[in-house]
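Asker: everything below, folded, please.
(one chain, ligands or ions: 1)
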Amino acid sequence: MKSYDVLIIGSGPAGLFAAMELEKMGIGNIAIIDRHAYTAGGLLNDGKLNFDHRIGLDLNELKIDVDTACHYINEVKAIFTRFPRCRQVTYVNKNEKIDVLMNIAYEHGVEFIAPEQWHWGTDNGKAIVDHLRSYLGKTVFLLDSEVISIEKRTGHLYRVAARKKGKIFLSDAPVILAAPGRSGAYWFRDTAKTLGVDHNFGPIDVGIRIELNRKFYEEITNIVYDPKFIFRTNRHKDRVRTFCTNPGGRVRLENYGQFKLVNGDALSGRKTSNTNFALINTVALTTPFSDTTEFGHMIARQFHLLGGGQPIVQRVGDFREGRRSAKSTFDSRIRHFEMCKATCLVTPGDITLGLPARIVDNLWESLKRLDKIIPGILHPSTLLYAPEIKFFDTHFPTDQNLETNVSGIFVAGDGTGKSRGIVGAAISGMIAAKGIAGKIRCKQRLPFSHQIIPAKDGK
Ligand SMILES: Cc1cc2nc3c(=O)[nH]c(=O)nc-3n(C[C@H](O)[C@H](O)[C@H](O)COP(=O)(O)OP(=O)(O)OC[C@H]3O[C@@H](n4cnc5c(N)ncnc54)[C@H](O)[C@@H]3O)c2cc1C
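Answerer: Predicted structure coming up:
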């Protein structure tokens, strides 16, 4: 059995940036454990970076002000943008075209945010992970190892049991940083319960992914790569937003075992003729049923059933006429459907059968408003894929160091409700690391040390 000062669960951006920060602060005996054989988490996905405090991080949740958030954003940016294949795709300074778009959106009662954005593309995912790992010196990687339990021992120690190739191995540490991402969120929620860690249900985002001929959205994506439109709907007064736009990208599936969800990405080297983006409705539940996880799962299972084990896709032309899409007419020239060739083959059907009426109302109202800002997006060929659900639903109350009510258990990243995206996850990892370093220094009476470790490539 090995002992560490800090054991980080999850090698996504939250875990990696936490380890970098800990090393910078002179904490040496760190291990990152991940169930996958390759370090990465969600870093292998697309890689759009939003460098803006309004996107992907909740300042109240992280208990930081705007200046502190900007400081962290600059630190994260400096590391990512040293990777040569990470390219700036949205320029916001003195961009008059953005002001014009903002005014048009405002006239239609829509908020428009244009953040500074960079992108590396899914095909550069492994290279960016190597780049990030080059910032790490002594951190030990325990890969291909799935954590199955965390147990409190005497003497302020936690014992972590992990399974590697069918065998269980144990590690001890006084501090655990849980950064399990969305894929490990429910496992950690169950484990946290056994440790007495408080949690509650946060909102989820439920909606669709829209795929359309690239030319209809180019008017905007040529200016802002991933435009953020935020709608407050008239009928239900709900919040809907666009999210994760991929110009020249493809629609992708996320497999959750009992159902599949839609998502999207883009490659850097090879573009399609389409653009896709998510349109999602934030859903929070109160009494008598507050379990947003179960609500989201119920919707996803319904689609699984209706789509024969696959998500559903419907043409706007069919949606408008209130009929399902069908295989036989899916690419009909007569109906102008050939204008957009689907990049993801799922079941043609009717998305309104699987989504609650309130969500359909909200999404359609928002799409109609978006079509006024960027005319053409509601061409009959445009595809509506469902379900797209963002399960950022488990929320852990923490202090300003992201330490939970149980001493020594820290949390970071998307799976614990601290971020929504790569930059936010990285920042939450850094905040937790600062708290952890303070705690360890206090216990070990270590002197303050803050050492900048340059990338190995010398950049
Ligand atoms: C298709 C797709 C496209 C995306 N595109 C973008 C984008 O362009 N820009 C953006 O900002 N975000 C994007 N995201 C979201 C982004 O991937 C996440 O926001 C980000 O990765 C969250 O980081 P994290 O460190 O919290 O978790 P993750 O990156 O998910 O890392 C968590 C890690 O924990 C490990 N883990 C979980 N449970 C256990 C366990 N029990 N034992 C051991 N290891 C465990 C997992 O294997 C995983 O490696 C995309 C996501 C998807 C699915």
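Asker: what's the domain layout of this protein?
Answerer: With domains defined by automatic domain parsing, the chain comprises 2-85+120-200+394-444, 203-390.
Asker: could I get those domains in TSV, plus columns for mean neighbour count, mean pLDDT and distance to residue 104?
Answerer: All C-beta atoms are positioned from the backbone trio N, CA, C, and that covers glycine. Formatted as TSV, the domains of the chain follow (neighbours: other CB atoms under 10 Å; pLDDT from 0 to 100; distance: least, CB to CB, whole Å):
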stretch	mean neighbour count	mean pLDDT	distance to residue 104
domain 2-85+120-200+394-444	20	95	20
domain 203-390	19	96	5
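Asker: and these: which comes nearest residue 112?
Answerer: domain 203-390 (5.7 Å; CB to CB).
Asker: about what we covered before: how about the domains of the chain, which one is nearest the ligand?
Answerer: Relative to the ligand, the nearest member of the domains of the chain by CB to the nearest ligand atom is domain 2-85+120-200+394-444, separated by 2.0 Å.
Asker: quote the end-to-end distance of the closest one.
Answerer: With CA to CA, to the nearest Å applied, domain 2-85+120-200+394-444 spans 19 Å between its terminal residues.
Asker: please list the residues of the stretch 301-450 of the chain that sit near the ligand.
Answerer: 413-415, 421-422, 425 (CB under 6 Å from any ligand atom).
Asker: ok, what's across the strand from residue 410?
Answerer: Residue 410 has these beta-bridge partners by DSSP bridges: residue 177, residue 403.
Asker: residues touching it, list them.
Answerer: Residues in contact with residue 410 (CB atoms under 8 Å, 6 or more residues apart in numbering) are 175-178, 398, 401-404, 432, 435-436.
Asker: distance from the chain centre to the helix or strand in which residue 280 is found, please.
Answerer: Following DSSP states H and E, the helix or strand that holds residue 280 is strand 274-283. Remark: strand 274-283 is offset 13 Å from the chain centroid, using CA atoms, centre = their mean, to the nearest Å.
Asker: and what of stretch 217-237?
Answerer: The answer for stretch 217-237 is 18 Å, by CA atoms, centre = their mean.
Asker: where do the helices sit along the protein?
Answerer: Assigned by DSSP state H, the helices in the chain fall at 13-24, 59-62, 66-80, 96-107, 125-133, 185-195, 214-221, 292-306, 316-320, 357-373, 422-444.
Asker: what is the orientation angle of the longest one with helix 66-80?
Answerer: In other words, helix 422-444. Counting by axes from the mean of the first three to the mean of the last three CA atoms, to 10 degrees, helix 422-444 lies at 100 degrees to helix 66-80.
Asker: tell me what helix 422-444 is packed against?
Answerer: Applying 3 or more CB pairs under 8 Å, 6 or more residues apart in numbering; DSSP states H and E, one finds that helix 422-444 contacts helix 13-24, strand 48-51, helix 59-62, helix 66-80, strand 175-178, strand 409-411.
Asker: ditto for the second one
Answerer: Based on contacts counted as 3+ CB pairs under 8 Å, 6+ apart, the elements that helix 59-62 packs against are helix 66-80, helix 422-444.
Asker: ok, and what's touching it?
Answerer: Looking at helix 59-62 with CB under 8 Å, 6+ apart, the contacting residues turn out to be 53, 65-66, 69, 402, 417-418, 427-428, 431.
Asker: give me the sheet partners of the strand holding residue 280 and which way each runs.
Answerer: By DSSP bridges, strand 274-283 pairs with strand 204-213 (antiparallel), strand 239-247 (antiparallel).
Asker: let's have the domains of the chain in a markdown table, adding distance to residue 103.
Answerer: A markdown table is the format used below for these (distance: least, CB to CB, whole Å):
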| stretch | distance to residue 103 |
| --- | --- |
| domain 2-85+120-200+394-444 | 19 |
| domain 203-390 | 10 |
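Asker: do you know which of those lies nearest residue 102?
Answerer: domain 203-390 (10.2 Å).
Asker: quick check: chain neighbours aside, which residue is closest to residue 191?
Answerer: residue 150 (5.5 Å; CB to CB, 6 or more residues apart in numbering).
Asker: let me fix that: residue 192
Answerer: Per CB to CB, 6+ apart, closest to residue 192 is residue 199, 6.0 Å.
Asker: show me the contacts for residue 405.
Answerer: 196-198, 397.
Asker: what does the stretch 101-250 of the chain put close to the ligand?
Answerer: Near the ligand, when you scan the stretch 101-250 of the chain using CB under 6 Å from any ligand atom, you find 146-147, 179-184, 187, 244.
Asker: and the residues you listed as a markdown table, adding distance to residue 316?
Answerer: Shown next, in a markdown table, are those (distance: CB to CB, whole Å):
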| residue | distance to residue 316 |
| --- | --- |
| 146 | 42 |
| 147 | 44 |
| 179 | 39 |
| 180 | 37 |
| 181 | 33 |
| 182 | 29 |
| 183 | 32 |
| 184 | 36 |
| 187 | 38 |
| 244 | 20 |
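Asker: out of those residues, which is nearest to residue 74?
Answerer: Nearest member of these to residue 74, counting by CB to CB, is residue 179, at 21.5 Å.
Asker: one step back: now the contacts of residue 410 as TSV including distance to residue 274?
Answerer: Putting these into TSV (distance: CB to CB, whole Å) gives the following:
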residue	distance to residue 274
175	46
176	43
177	39
178	37
398	40
401	44
402	39
403	44
404	43
432	38
435	43
436	44
